[in-house]
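J.: Build me a structure from this.
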Amino acid sequence: MARFSVMTEKVGLNNLDGDDLVSYGREFMRFFHACPDAFRGLTSLDLENLRFGQSDISNVLVTCERLKHLRLFNCDSGDPSTLQVEHSHLTEISIVGCLFQQVKLNWLPQLTQMVFDYWIDFQDPLVLGHVPLLEAVSLTNVARSFHNMVKLSEFLSITSIRDLKLGFNSEKIWVQPECPTASLASVFRQLRFLNLVDLPEGYDLTWTMFILKAAPLLKELYMTVWDHGCVMVTDEQQRNEESYSENKGVEWDSAAASDFKHHSLATLVIFGFESADYLVSYVRRVMAAAVNLEDVFMYSRLECDYCVDTKPIRFPWTKRQRMSLKKRFTVGIESFAIIHSSGKLRADHLAKIVSPDCSLLEAKKKW
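T.: This next block holds a predicted model:
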């Protein structure tokens, strides 16, 4: 694999301004124009903190004719603009924190994996064209009170994905629960793995059942419930000024969540579980719907090396607490699922905690 990565002198969004992005972008393009042959053989391109001219990215992609993996982090083209991508060999694309008003994946016949995180516009920020092989998608954003919610049947239209990650950064739920439709069923008809990351603590999770209802082949459901101090804005004045939502939840008719049976779901994994009514109620709801559920794994709140969480942990540590919790789960429900509660993460579960993710980012962590 021939890989090229740009690592700028300044890093961190708070340390960079527009002039830095322009300067780094021009420096990269000077190198690109000086050494086009070096780029023709690349299979992986990882670009950070660059501001391009309007046609620069298109020119780079045309030259990198063998490219399979592309990652853009904090890149843009100045004023709100549209990024249009066409490439015959690209299999993976990651666009994170890029200030494009709209991203159009027009023609990517080999694309199988996409990461699209932190877009700036909630009105058609992503347009999917010819992406017939797309099967793994990661979507993460921070929703403010003024943002419209996203309908996945429209956001992911014309796809039939197998693996899906939805991230919320401990803030407002930005996904609009939907009633069953042909378009929703088409998007989720092949879904096998669903990962809900950094859901805000304390809010009803019933809305997630609309995805189960639309995904008859779903095998694994992972979720992380966490008010993560490192990624949240906690200052009250800043939250008010920047229109963060105080009510982060979303409602869905509970009757619609209880009138169906799911025959494929085998595994439910919850990180950040606590013996709170809303989480107990949710596990019961899943156990009642998933008639062939085999295992429910519950893990305590995740630990972070960079922040200290002082909130009390209500996790069933003792045998008596675990037995009491099991009764709360199963009373009035007939289920053969095995309940597992542990403070130690299984390796295979830990490996999927942020899956699907950008392979270039994973490779960087090993440097």
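J.: Break down this structure into its helices, ranges please.
T.: 18-34, 36-40, 56-63, 152-155, 182-188, 209-214, 236-241, 277-289, 319-330, 347-351, 359-365 (DSSP state H).
J.: rank the ones you listed by mean pLDDT and give me the bottom one.
T.: Among the helices of the chain, helix 359-365 carries the lowest mean pLDDT, a mean of 69.
J.: who touches the residue lying closest to residue 29 once chain neighbours are set aside in this structure?
T.: Distance criterion CB to CB, 6 or more residues apart in numbering; nearest residue to residue 29, sequence neighbours excluded, is residue 56 at 5.7 Å. The C-beta positions use only the backbone N, C-alpha and C, and glycine is treated the same way. Counting by CB atoms under 8 Å, 6 or more residues apart in numbering, residue 56 touches 25, 29, 77.
J.: Just among those residues, which is most surrounded?
T.: Counting neighbours by other CB atoms under 10 Å, the top entry in the contacts of residue 56 is residue 25, with 23 neighbours.
J.: so that residue sits right up against residue 48, yeah?
T.: No - counting by CB atoms under 8 Å, residue 25 stays clear of residue 48, with 10.8 Å between them.
J.: shared neighbours of these two, anything?
T.: residue 75.
J.: Can you mark which positions in stretch 278-285 are buried?
T.: Buried residues in stretch 278-285, counted by 16 or more other CB atoms under 10 Å: 279, 281-285.
J.: Figure out how far that stretch is from the centre of its chain.
T.: 23 Å (CA atoms, centre = their mean, to the nearest Å).
J.: just stretch 137-147 next, same as before
T.: 10 Å.
J.: List the buried residues in it.
T.: Buried, per 16+ other CB under 10 Å, within stretch 137-147: 137-143, 147.
J.: Among the residues you listed, which are located in strands?
T.: 137-140 (DSSP state E).
J.: right, and residue 353 touches residue 226 too?
T.: No - Residue 353 lies out of contact with residue 226 (CB under 8 Å); the separation is 10.9 Å.
J.: Overlap of the contact sets of the two?
T.: residue 271.
J.: quick one: which of the two has more around it?
T.: residue 226 (22 against 16).
J.: quick one: the nearest residue to that one once chain neighbours are set aside from residue 299, how far?
T.: Once flanking residues are discounted, residue 226 sits nearest to residue 272: 4.6 Å by CB to CB, 6+ apart. Residue 272 is 7 Å from residue 299, where distance means CB to CB, to the nearest Å.
J.: Test my guess that residue 18 contacts residue 51.
T.: Yes - judged on CB under 8 Å, residue 18 makes contact with residue 51 at a distance of 7.1 Å.
J.: of these two, who's got more company?
T.: residue 51 (21 against 10).
J.: Contact partners for residue 316?
T.: 275, 298, 322, 324-325, 341.
J.: Test of understanding: give the bridge partners of residue 82.
T.: Here residue 82 sits in beta bridges with residue 102, as judged by DSSP bridges.
J.: Same question for the one 10 residues further on.
T.: Partner residues in beta bridges with residue 92, using DSSP bridges, are residue 69, residue 113.
J.: Cheers, nothing more for now.
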